[in-house]
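Student: Attaching a predicted model along with its sequence, questions to come.
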Amino acid sequence: GYATFVFFGTDYSKPEDTNLVMGLLTDITKPRRDLETALGLAFAPLSTQESLDSYLKDGDAAILQKAMEDAGVDSTTFAFQLPFLQYARSKKLILLALSPELVDIRSVRTNGLQSIGAERRGKYVIDPSGFIGQTQDPKFEMYAEKSLFRDFVPLSEKDSTADFFSERILVHECAASVVAKWAISRPDSLVTIVAPSTDVRFMNGINGRVPRIAKHLNPDTTIDDMAVTTILVNPTAQSTLSQSKFLRLEIGTAPENKSYQTKVADYLWFTSMPKVNMLPRLMNGP
């Protein structure tokens, strides 16, 4: 057996996305009653892991909310995530906190990666050479240009794309490290991950890092790209960075970067049948 990962790219603020993900989670986890299954939470700072464990035992959401707020998670975000927490507890899933501390994310955004010190960085980045190497990979450079940087909104006059880049790759690396580390010692495990679609679309966010980190932890691992599935929930032309009314299904369509062509996700899942004119072509089934 080998570990598998399913990423859900969602918009936290949309109840229809949450309902759709929970329906999919039910279908995916039902046949796995006796196997280890985790739900990774991209919003939860690592320091809240103990509180998540306690919540699974006692179900006290008020205490968990207080712990989240102490870690900098705002109450609106927590409210959007509560259905997932309740779902995980009812289905006896394990919860995994995946985010760097919010104070560290802010620090990196303002002063770069070196601002958080080697010890803190080591918690978030367990494959330092791979982490650096990935930024120089031509396929990743194309992803950064065509997807990652499209979300840059300056937070101040001094804010730069370089600091935004550092922030996002740290957030992605940290989440991928947690799920890879958890799964590597559990051969038949499944990790499902709920994250903003911006962090998983075009396959090179959190999701694209998992196989490399797993390989770093265990060179003999069977975890590869095929072990990772990405589902975008209710995507729109805008959320897939399309310049038209159609969804954008891939990046890397120009002759010079055709060899790095990357799809937006493995599956697009909709609450209701999308308008046919949203899809540039019907995607082939499995």
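Tutor: Cool, the structure landed.
Student: how long is stretch 229-239 end to end?
Tutor: Start and end residues of stretch 229-239 are separated by 19 Å (C-alpha to C-alpha, to the nearest Å).
Student: Could you do stretch 220-235 as well?
Tutor: 36 Å.
Student: Enumerate every residue touching residue 264.
Tutor: 201-203, 232, 235, 240, 247-251 (C-beta atoms under 8 Å, 6 or more residues apart in numbering). To be clear about C-beta, it is placed using only N, CA and C from the backbone, and glycine gets the same treatment.
Student: neighbour-wise, which of those leads?
Tutor: Among those, residue 201 has the most neighbours (other C-beta atoms under 10 Å), with 29 neighbours.
Student: isn't it right up against residue 239?
Tutor: Yes. With contact defined as C-beta atoms under 8 Å, residue 201 reaches residue 239; the gap is 7.4 Å.
Student: who touches both of these two?
Tutor: By C-beta under 8 Å, 6+ apart, the residues touching both residue 201 and residue 239 are residue 232.
Student: of the contacts of residue 264, closest to residue 142?
Tutor: residue 251 (6.6 Å; C-beta to C-beta).
Student: Name the strands paired with the biggest strand by length in the chain and say parallel or antiparallel.
Tutor: For the chain, the strand with the greatest residue count under DSSP state E is strand 37-45. Strand 37-45 has its sheet partners listed here by DSSP bridges as strand 94-99 (parallel), strand 190-196 (parallel).
Student: immediately after it, which helix or strand?
Tutor: helix 49-58 (DSSP states H and E).
Student: Could you tell me the angle between the helix or strand following that following helix and strand 94-99?
Tutor: Downstream of helix 49-58, the next assigned helix or strand under DSSP H and E is helix 61-70. Counting by axes from the mean of the first three to the mean of the last three C-alpha atoms, to 10 degrees, helix 61-70 points 20 degrees away from the direction of strand 94-99.
Student: which outside residues touch helix 61-70?
Tutor: So helix 61-70 is contacted by 44, 48, 51-52, 54-55, 75, 78, 82, 85-86 (C-beta under 8 Å, 6+ apart).
Student: which of those residues tops the neighbour count?
Tutor: Going by other C-beta under 10 Å, residue 44 tops the contacts of helix 61-70 with 27 neighbours.
Student: Now do the helices in the stretch 1-150 of the chain.
Tutor: Ranges of helices within the stretch 1-150 of the chain are 15-29, 49-58, 61-70, 75-90, 102-111, 117-124, 128-135, 138-146, based on DSSP state H, counting those that start in this stretch.
Student: Need those in TSV (columns: mean pLDDT and distance to residue 37).
Tutor: Output for the helices of the stretch 1-150 of the chain, formatted as TSV (pLDDT from 0 to 100; distance: least, C-beta to C-beta, whole Å):
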stretch	mean pLDDT	distance to residue 37
helix 15-29	94	5
helix 49-58	98	13
helix 61-70	98	20
helix 75-90	96	9
helix 102-111	97	27
helix 117-124	94	24
helix 128-135	97	27
helix 138-146	95	29
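Student: So which of these is nearest residue 163?
Tutor: Using C-beta to C-beta, the nearest of the helices of the stretch 1-150 of the chain to residue 163 is helix 102-111, at 5.3 Å.
Student: Going by neighbour count, list what's buried in the closest one.
Tutor: Under the neighbour-count criterion of 16 or more other C-beta atoms under 10 Å, helix 102-111 has 104-105, 107-109 buried.
Student: who touches the closest residue to residue 263 other than its chain neighbours in this structure?
Tutor: Once flanking residues are discounted, residue 263 sits nearest to residue 250: 5.0 Å by C-beta to C-beta, 6 or more residues apart in numbering. Listed by C-beta under 8 Å, 6+ apart, the contact set of residue 250 reads 261-264.
Student: so how far is residue 258 from residue 250?
Tutor: 10 Å (C-beta to C-beta, to the nearest Å).
Student: same thing with residue 152?
Tutor: 26 Å.
Student: More neighbours: these two, which one.
Tutor: residue 152 (15 against 9).
Student: what's the angle from the longest helix anywhere in the chain to helix 138-146?
Tutor: Counting residues, the longest helix found in the chain (DSSP state H) is helix 161-184. Helix 161-184 runs at 130 degrees relative to helix 138-146, counting by the same axes, to 10 degrees.
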